[in-house]
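Asks: Need a 3D model of the sequence below.
(one chain, ligands or ions: 1)
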Amino acid sequence: MIITLLDYGAGNVRSVANAIERLGGTIKPVTRPSDILDAEKLLFPGVGNYASMIRILNEKNYIRPLREYLRADQPFFGICLGMQALFEGSQEDVSDHESLGIFKGRVNRFQTRLAVPHIGWNGVNLKKDSPVFKDVAPDTKFYFVHSYHIVPEDADIILTTTNYGYEFVSSVQKGNVIGTQFHPEKSGTAGLKLLENFIYQKDLRAQTAIDIKGKGLSKRIIACLDVRSNDQGDLVVTKGDQYDVRDDGNVRNLGKPVALAKRYYEEGADEITFLNITGFRDFPLKDLPMIAVLEETSKNVFVPLTIGGGIRDYTDSKGKTYTALEVAAQYFRSGADKISIGSDAVYTVEQYLKTGKKTGKSPLEQISNVYGNQAVVISIDPKRIYVNSPAEAKQHHVIKTMVPGPNNEAYCWYQCTVQGGRETRDLDAVALAQACQELGAGEILLNCIDRDGTNSGFDLELITAVKNAVSIPVIASSGAGCEAHFAQVFEKTGAEAALAAGIFHRQEVPIQKVKDYLQGKNIEVRTTS
Ligand code: 1PR
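Replies: Numbers count the residues shown, from 1 in each chain. You can find the predicted model right below:
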């Protein structure tokens, strides 16, 4: 089966292509407008910013053939922005570019007190029968990542709804035209089943009696792989204690990145994060093995992939300049869904706080503008600094701590570091997170150097302080030692996700055991069968 793929050049379409190929389909990319009309089945995965998508569709003269194809009720599957494009316009687009307008209605920003973007695994309620959902388990969850949702005028096209603060429309179908807000290519085996049905079901309009009633948003469990070259030059997964990854002078080797990522996917990880931990000194576009790791991983792993390390502007020894946007673009092309910025975000925020002005030119702002804020994670590497009173660190966010310092200090603040904890800066983690949100970050990955590798539990005070200061999702990281630590972090802080490395690498606690424990505590998780 040949599936025509409409790639307008933004975001990660590699995962969609990999999913189709895994299912036995062959991808034919759209290279000119007539390819759209020639398609047997057309797949349109949209990622990033609505306005830039519509601008590109207009520039490439794709609007007219798309309308013609859709009005002829030819098989179509739009994912995320690829579904939003079917409507008459979006609050995300203030230009006067023409949308497709196949369906009446618009795309609005979430109005909820919950974190926006809506990121993670959420359930769907099926509103009408469709062969697309054939053999999909009733309690299945799908992966969402978006700040805007459709508001159709015609209730008949609603295929599913989902709850996030309120009920919104999460997929539509009219005849052979289907669109989902969630990403089937990132939704594990259930998502692959949906795509398989689209590819192979003969009649997408046939009636089938299926009952799917989803539960709410899950807390995500993320497996993190810190990657670097060892002293023999092999790319390995390593793991430090408080960021020190060496034993007797040698870099610890805990396995091969591609194989480990595949194992975590199969064991039920909700996301996989790669951190290229020496990215601050080795430029990633010269570090092609890391790109290869991403490409290989995305062939086998159908949950979201984040990659961090070395995302910054760079000039090489011959004076050639590369922008952070080019580095990010290469990562997205290679299979990443989100990129994570560490050191460079600190430098950007230092400038921003000094001048009070957004330049629009920092890597964080540029990547967020092009790929959407949901694709930009900020990785924070803080260290606890004890003080006797808030007056001792007036310029920082100081908290009263239940874990007193070595000299019985009752207060502390969290100092940002750069270059993998090697250098401290005069900036605190709360201020960094707030400023990054203002500049366009979509999520915070909150590490903690004091807890990293200690198995002593997450730093709940740090996580609470940052979570209360931002409205974007926060991933708690560092210190997980047992399943109870995950329950603690979800029960006591508002964190949307928890990340761990050491306990998974050393096979001390399997991911499934963590999820079983959380379920026992009535904490919503994604189950995999
Ligand atoms: O500064 O943009 O180049 O990004 C570098 C990235 O590499 C940052 O995200 C930074 O956190 C990471 N990094 C740099 N050096 C280290 C190191 O360990 N020496 N790793 C490092 C950070 C921390 C977590 C870890 C959790 C969970 N790793 O991601 O996986 O602490 O560990 P645990 O469950 O075993 O406690 P840039």
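
Asks: Excluding chain neighbours, what is closest to Gly502?
Replies: The shortest distance from Gly502 to any residue other than its chain neighbours is 5.1 Å, reached at Lys239 (Cβ to Cβ, 6 or more residues apart in numbering). In short, each C-beta sits where N, CA and C put it, glycine included.

Asks: number of nearby residues for the one you found?
Replies: Close neighbours of Lys239, defined as other Cβ atoms under 10 Å, add up to 21.

Asks: How about Gln507?
Replies: When neighbours are counted by other Cβ under 10 Å, Gln507 registers 9.

Asks: Would you map out the domains in the chain?
Replies: 2-212, 220-520 (automatic domain parsing).

Asks: could these be laid out in JSON lines, adding distance to Thr528?
Replies: Written out in JSON lines, the entries for these read as follows (distance: least, Cβ to Cβ, whole Å):
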{"stretch": "domain 2-212", "distance to Thr528": "6"}
{"stretch": "domain 220-520", "distance to Thr528": "4"}
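
Asks: so what's the closest residue to the ligand within the stretch 1-150 of the chain up against?
Replies: Closest to the ligand within the stretch 1-150 of the chain is Ile119: 17.8 Å, counting by Cβ to the nearest ligand atom. By Cβ atoms under 8 Å, 6 or more residues apart in numbering, Ile119 lies in contact with Phe144, Val145, Gln374, Gly442, Glu443, Pro473, Glu496.

Asks: ok, and the closest non-adjacent residue to the residue of the stretch 201-350 of the chain found nearest the ligand?
Replies: With Cβ to the nearest ligand atom as the measure, Gly342 is the residue of the stretch 201-350 of the chain nearest to the ligand, at 2.8 Å. Closest residue to Gly342 in three dimensions, ignoring its sequence neighbours and counting by Cβ to Cβ, 6+ apart: Ser379, at 4.4 Å.

Asks: ok, now how distant is the one you found from the ligand?
Replies: When distance is defined by Cβ to the nearest ligand atom, to the nearest Å, Ser379 is 3 Å away from the ligand.

Asks: show me what contacts the residue lying closest to Ile210 once chain neighbours are set aside?
Replies: Among residues not flanking Ile210 along the chain, Phe133 sits closest, at 5.1 Å (Cβ to Cβ, 6+ apart). Shown in contact with Phe133 (Cβ under 8 Å, 6+ apart): Leu126, Leu194, Asn197, Thr208, Ile210, Ile212.

Asks: what sits against the first one?
Replies: For Leu126, the contacting residues are Phe133, Leu159, Thr160, Ile210, Asp211, Ile212, Lys213, taking Cβ under 8 Å, 6+ apart as the criterion.

Asks: Report whether Leu70 is found in a helix, as I expect.
Replies: Yes. With DSSP: H, G, I helix; E, B strand; the rest coil as the criterion, Leu70 is located in a helix.

Asks: how near is it to Cys80?
Replies: According to Cβ to Cβ, to the nearest Å, Leu70 and Cys80 sit 17 Å apart.

Asks: Ok, Arg312 next?
Replies: As defined by Cβ to Cβ, Arg312 lies at a distance of 28 Å from Cys80.

Asks: the more surrounded of these two?
Replies: Per other Cβ under 10 Å, whichever of Arg312 and Cys80 has more neighbours is Cys80, with 27 against 22.

Asks: Bridged to the more buried one, which residues?
Replies: In this structure, Cys80 bridges to Gly46 when assessed by DSSP bridges.

Asks: Hmm, Phe44 and it touching each other?
Replies: No. Cys80 is not in contact with Phe44 according to Cβ atoms under 8 Å; the separation is 9.5 Å.

Asks: What residues does this structure have near the ligand?
Replies: Taking Cβ under 6 Å from any ligand atom as the measure of proximity, the chain contacts the ligand at 224, 226, 239-240, 243, 245, 275, 277, 279-280, 308-311, 340-344, 379, 381, 420, 447, 452-453, 477-480, 500-502.

Asks: what's next to the least confident helix or strand in the chain by mean pLDDT, contact-wise?
Replies: Every helix and strand of the chain was ranked by mean pLDDT, DSSP states H and E. The lowest is strand 314-315, at a mean of 86. Among residues not part of strand 314-315, those counted as contacts by Cβ under 8 Å, 6+ apart are Phe283, Leu285, Thr321, Tyr322, Ala324, Val327.

Asks: So which of these are in helices?
Replies: In this view, the contacts of strand 314-315 that belong to helices under DSSP state H are Ala324, Val327.

Asks: Which one (most neighbours) among the contacts of strand 314-315?
Replies: Neighbour counts for the contacts of strand 314-315 were taken using other Cβ under 10 Å; the highest belongs to Val327, with 24 neighbours.

Asks: doesn't Gly309 make contact with it?
Replies: No. Between Val327 and Gly309 there is no contact under Cβ under 8 Å: 9.8 Å.

Asks: Find the residues that touch each one of the two.
Replies: Common neighbours of Val327 and Gly309 are listed as Pro284 (criterion: Cβ under 8 Å, 6+ apart).

Asks: which of the contacts of Ile119 tops the neighbour count?
Replies: By neighbour count, taken as other Cβ under 10 Å, the most surrounded of these turns out to be Glu443 (28 neighbours).
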